[in-house]
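>>> okay, predicted coordinates and the sequence, questions at the end:
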Amino acid sequence: MNKIVKKVLGIGLSVAMVGGMFAACANGGTETTTAANGEGGKTFKVGVCQLVQHEALDAATKGFQEKLEELAKADGNTIEFDIQNASGESTNCATIVNQFVSNNDDLIMANATPALQAAMNATAANKIPVVGTSVTDYGTALEIDMKAGDPTGINVTGVSDLASLDEQAKQVTTLFPNAKKVGCIYCSAEANSTFQVEGIKAALDASGIETTFYSFADSNDIQAVAKKAAAESDVIYIPTDNQAASNGQVIDAVCQEAGVPIIAGEEGIFKSTNAVATFSISYYDIGVHAGEMAYEILTKGTDPATMPIWQPTDLTYYVNDDMAKKYKVTVPENYTSYDFSKAE
């Protein structure tokens, strides 16, 4: 009798083990067993495509990764990251995200507009969820008719890095009330940079200030374009632009030599160009919020097509005290002196 019981129990255990194996296979390999990790959680594969290495995008990736790891650990889950850098090349973005698709990743994080565009194209057929960050305007980036803050209606969602363009334009008129000509330096290959400078121009035109665009195609043109802009402008404005951020020291050197102050569209460019002021978000914080959105998609099955694009609300007016002194700027009380020794 005991032998019969043992045999039945053995068969039941074998069936349970086989069933568990099939369940894991049916789940795309993402679910792990209790024996494998001791907690019975799940493992999710997340591919990260970052356009280029510079401080702002690095901070966004860091915030995203750390928040996802924090949330997963609290639930007994695991995130396997594959973090790739495209070295500033859109073609590399396409190669990277196509590999994520081939690997059957559970989610793709696209850091910057070209990465988002590549991820959207690569996932058009299989609808792998895509979460973007460091993207200014999703409608412009994805060529979708939508308002800021709307859901995209496709398998893409994320966070915006746009600070109010009206407020940035007011920085010019407030800090440099005698300025008559503003030059906007930006990369023509970045759609969201064009979106920003057009917004700045509209706001400054209303104040009677002449705004001129100075665009460059790649890093080889930056110095020449910056020299022309500095020679013809009272103030330089630089939007949230990845190529400009990566080459901020070049722009700084040119403008310092010409004695022309800079207003920057975000904190990273503010630092790299030694600008006078910025009205900026925290890229680490928007990365954190992107991580929260990604975890909701992974664990709750929320459809990214229905998730509104998150708009930042916690922004800070920063001033570079040394540059403000150099250009004899009267700094309003609502500006914070930037601590250049701080680490993100």
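Looks like it came in fine. Numbering: from 1, shown residues only.
>>> next, the buried residues of the helix or strand hosting Thr194.
Using DSSP states H and E, Thr194 falls within helix 191-205. Neighbour-count burial for helix 191-205 flags 191-201, 203-204 (criterion: 16 or more other CB atoms under 10 Å). Heads up, the C-betas are built off the backbone N, CA and C, glycines and all.
>>> I figured Cys49 hits Gln99, correct?
No - the pair Cys49 / Gln99 is not scored as a contact, 9.4 Å apart, by CB atoms under 8 Å.
>>> tell me the one of the buried residues of helix 191-205 nearest Thr302?
Nearest to Thr302 among those, counting by CB to CB, is Asn192 at 25.3 Å.
>>> quick check: that closest one touching Leu116?
No - if you go by CB under 8 Å, Asn192 and Leu116 don't touch, sitting 9.7 Å apart.
>>> any shared contact partners between the two?
Common contacts of Asn192 and Leu116, defined by CB atoms under 8 Å, 6 or more residues apart in numbering, comprise Val135, Ala141.
>>> residue nearest the centroid of this protein?
Ser134 (1.9 Å; CA atoms, centre = their mean).
>>> in the protein, where is pLDDT below threshold?
Counting by pLDDT under 70, the ranges of the chain that qualify are 1-40, 342-344.
>>> just give the closest residue to Asn155, not the sequence neighbours.
Nearest residue to Asn155, sequence neighbours excluded (CB to CB, 6 or more residues apart in numbering): Lys127, at 4.4 Å.
>>> determine the number of other residues adjacent to the one you found.
Counted with other CB atoms under 10 Å, the neighbours of Lys127 add up to 13.
>>> quick one: contacts for Lys228?
Counted by CB under 8 Å, 6+ apart, Lys228 has contacts Tyr214.
>>> phi and psi next, for it.
phi -70, psi -40 (degrees, to the nearest 10).
>>> helices of the stretch 151-300 of the chain, start to end?
Using DSSP state H, counting those that start in this stretch, the helices found in the stretch 151-300 of the chain span residues 165-175, 191-205, 222-232, 242-246, 248-258, 267-272, 283-300.
>>> of all the ones you listed, which one is nearest Thr330?
Short answer: helix 165-175, nearest of these by CB to CB, at 7.6 Å.
>>> now the angle from that closest one to helix 191-205?
Interaxial angle of helix 165-175 relative to helix 191-205 (axes from the mean of the first three to the mean of the last three CA atoms, to 10 degrees): 50 degrees.
>>> give the buried residues for helix 165-175.
Quick answer for helix 165-175 (16+ other CB under 10 Å): Leu165, Gln168, Ala169, Gln171, Val172, Thr173, Thr174, Leu175.
>>> quick one on the thing from earlier: overlap of the contact sets of Cys49 and Gln99?
Counting by CB under 8 Å, 6+ apart, the shared contacts of Cys49 and Gln99 are Gln84.
>>> more crowded one of those two?
The neighbour comparison of Cys49 against Gln99 (other CB under 10 Å) goes to Cys49, with 30 against 15.
>>> phi, psi of the more buried one?
Dihedral angles for Cys49 - degrees, to the nearest 10 - are phi -110, psi 110.
>>> on that earlier part again, which residues touch the helix holding Thr194?
By CB under 8 Å, 6+ apart, helix 191-205 touches 113, 135-137, 140-141, 162, 165-166, 168-170, 172-173, 182, 184, 186-188, 210-211, 213, 237, 239-241, 244, 265.
>>> could you turn the buried ones of those into a PyMOL selection?
Provided next is the PyMOL selection string for whichever of the contacts of helix 191-205 are buried by 16+ other CB under 10 Å:
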select buried, resi 113+135+136+137+140+141+162+165+168+169+172+173+182+184+186+187+188+211+237+239+240+241+244+265
